[in-house]
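In: compute the structure for the input listed below.
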Amino acid sequence: MKAFKSFAVLVALAALVVSGCRRPQATSENGLTPVRLQLDWYPQPEHGGFYTALNLGYYKAEGLEVTILPLPQYGSVGQLVATGKADVGLASSDQIISWDSSGLPMVAVAATMQHDPQAIMVHKDSPIQGFKDLDGHAVAAQPGAVWLKFVISKYGLKNVSAVPSTLSIASFLADPSYVQQIFITSEPFFAKQAGAEVRTFLISSSGYDPYRVQFTTHAFASEHPDIVAKFVRASIRGWNEYLRNPAATNALLLQLNPALNPSQEAYTAQALRDGGFVIGGDASGAQTGRMSAARWTASYEQLKSLNILDGPLDPSTTFDLKFAQE
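Out: Numbers count the residues shown, from 1 in each chain. Below you'll find the model as predicted:
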């Protein structure tokens, strides 16, 4: 998760949203309504449900012409959605709460993942057996990682330092004491390929458990609820199908992102299934996309207790349950 933006930047972006920079939702020549989905990274199996919905025509069946946009280098999903360059974006629920507290009116409309697959990874022989054992260690984490602030506060840790995480596991492989923030659906695969035996601890197991979500602006959700509902419905269908049979979508992803490889894609798809990240605890897929007000409120209280929110906020304004639960 990228560092939260400053208050001044977010207020400026909010002004752009309010000023009407968003384009009207016109119907295209083929009679479909165009919708732009902004990813939070390059095309990956962690986006598999959206590409399945596109590839199998689920969006088209809902009357939508969806374009999926990879994240530009140095791009910000929040900025791109706020300024009308995309209609729907991918983020985490704690980001939505922070943005809203800073005056940027975003609303989550569905859960992409019930639990975040981010974790910390240590070597098999590391003395670290859980988050409480991080005292005295450096953690390679994303800048401004809120989960680390939460863990330090919860366990009363006194001597934990953060070093910038990279997109590589080279430092991890070279240092037996290295502790690295990862996606459990990705980095363990590369560590195993390199011959390293590792252990992982899901950040959600610490009690810091945000959703990964699909979001838009309050204005877009209010003006186009039918479009949002259709997008969410097709995306849920796409995710349930991807988890059942990822092969066709993985082949498409390999074309879109040649940095992937089939073994990695198969590992990620299986990790998503094994961890129940998308469907939660219901193997039928009935909970895919759904969220609960209680978890949103709990996340808000956690962020509030860490004193990282910019202003007062009614947490019920940061999400809308109706789109995924129709």
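In: was I right to think Ser153 contacts Leu303?
Out: No: between Ser153 and Leu303 there is no contact under C-beta atoms under 8 Å: 11.4 Å. (Each C-beta comes from the backbone N, C-alpha and C, glycine too.)
In: what about those two, which has more around it?
Out: Ranked by neighbour count (other C-beta atoms under 10 Å), Ser153 and Leu303 place Leu303 first, with 24 against 14.
In: pLDDT averaged over stretch 32-45 - what is it?
Out: For stretch 32-45, the mean pLDDT works out to 98.
In: with stretch 272-284 instead?
Out: Mean predicted confidence for stretch 272-284 is 95.
In: which residues touch stretch 184-199?
Out: 44-46, 117-119, 121-124, 126, 169, 172-173, 180, 182, 200, 202, 263-264, 267-268, 271-272, 275, 277 (C-beta atoms under 8 Å, 6 or more residues apart in numbering).
In: quick one: which of those sit in helices?
Out: Under the assignment DSSP state H, these contribute 172-173, 263-264, 267-268, 271-272, 275 to helices.
In: what subset of the contacts of stretch 184-199 is buried?
Out: 44-46, 117-119, 121-123, 126, 169, 172, 180, 182, 200, 202, 264, 267-268, 271-272, 275, 277 (16 or more other C-beta atoms under 10 Å).
In: so Ser188 sits in a helix?
Out: Let me fix one detail, which is that residue 188 is Pro and not Ser. Yes: Pro188 sits within a helix when classified using DSSP: H, G, I helix; E, B strand; the rest coil.
In: for Leu202, see how far away it is.
Out: 12 Å (C-beta to C-beta, to the nearest Å).
In: packing partners for the longest helix seen in the chain?
Out: Counting by DSSP H, the longest helix found in the chain is helix 225-244. Applying 3 or more C-beta pairs under 8 Å, 6 or more residues apart in numbering; DSSP states H and E, one finds that helix 225-244 contacts strand 33-38, helix 48-55, helix 58-61, strand 64-69, strand 106-113, strand 212-217, helix 262-275.
In: ok, 6 Å please
Out: helix 48-55, helix 58-61, strand 106-113 (3 or more C-beta pairs under 6 Å, 6 or more residues apart in numbering; DSSP states H and E).
In: now render these as CSV, adding mean pLDDT.
Out: Below are the helices and strands packed on helix 225-244 laid out as CSV (pLDDT from 0 to 100):
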stretch, mean pLDDT
helix 48-55, 98
helix 58-61, 98
strand 106-113, 98
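In: could I get the ones you listed as CSV with distance to Leu90 and mean neighbour count?
Out: Output for the helices and strands packed on helix 225-244, formatted as CSV (distance: least, C-beta to C-beta, whole Å; neighbours: other C-beta atoms under 10 Å):
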stretch, distance to Leu90, mean neighbour count
helix 48-55, 8, 25
helix 58-61, 16, 19
strand 106-113, 6, 27
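In: okay, the ones you listed in a markdown table with distance to Thr318 next?
Out: Formatted as a markdown table, the helices and strands packed on helix 225-244 follow (distance: least, C-beta to C-beta, whole Å):
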| stretch | distance to Thr318 |
| --- | --- |
| helix 48-55 | 22 |
| helix 58-61 | 26 |
| strand 106-113 | 6 |
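In: so which of those gets nearest Ala219?
Out: strand 106-113 (9.5 Å; C-beta to C-beta).
In: tilt between that closest one and strand 212-217?
Out: Angle of strand 106-113 versus strand 212-217, following axes from the mean of the first three to the mean of the last three C-alpha atoms, to 10 degrees, is 160 degrees.
In: what does strand 106-113 contact?
Out: 96, 99, 211-215, 218, 221, 228, 232, 277-278, 289, 291, 319-320, 323-324 (C-beta atoms under 6 Å, 6 or more residues apart in numbering).
In: can we see that at 7 Å?
Out: By C-beta atoms under 7 Å, 6 or more residues apart in numbering, the surrounding residues in contact with strand 106-113 are 78, 90, 93, 96, 99-100, 211-218, 221, 228, 232, 235, 277-278, 289-291, 318-320, 323-324.
In: narrow those residues to those that are buried.
Out: Buried, going by 16+ other C-beta under 10 Å: 78, 90, 93, 96, 99-100, 211-218, 221, 228, 232, 235, 277-278, 289-291, 318-320, 323-324, out of the contacts of strand 106-113.
In: pLDDT-wise, which helix or strand of this structure ranks last?
Out: Across the helices and strands of the chain, mean confidence by mean pLDDT, DSSP states H and E is lowest for helix 7-18: a mean of 45.
In: just the strands in the stretch 51-200 of the chain please.
Out: Listed in chain order, the strands of the stretch 51-200 of the chain (DSSP state E, counting those that start in this stretch) span 64-69, 88-92, 106-113, 118-123, 138-141, 161-164, 180-183, 198-202.
In: CA atoms only: put the second one into PDB for me.
Out: Taking only C-alpha atoms (Å, rounded to 0.1, in the frame of the first residue of the first chain), the coordinates of strand 88-92 have been written out as PDB:
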ATOM      1  CA  VAL A  88     -13.400   3.000 -10.900                       C
ATOM      2  CA  GLY A  89     -10.100   2.200  -9.100                       C
ATOM      3  CA  LEU A  90      -8.600  -0.500  -6.900                       C
ATOM      4  CA  ALA A  91      -7.300   0.400  -3.400                       C
ATOM      5  CA  SER A  92      -7.500  -0.800   0.200                       C
END
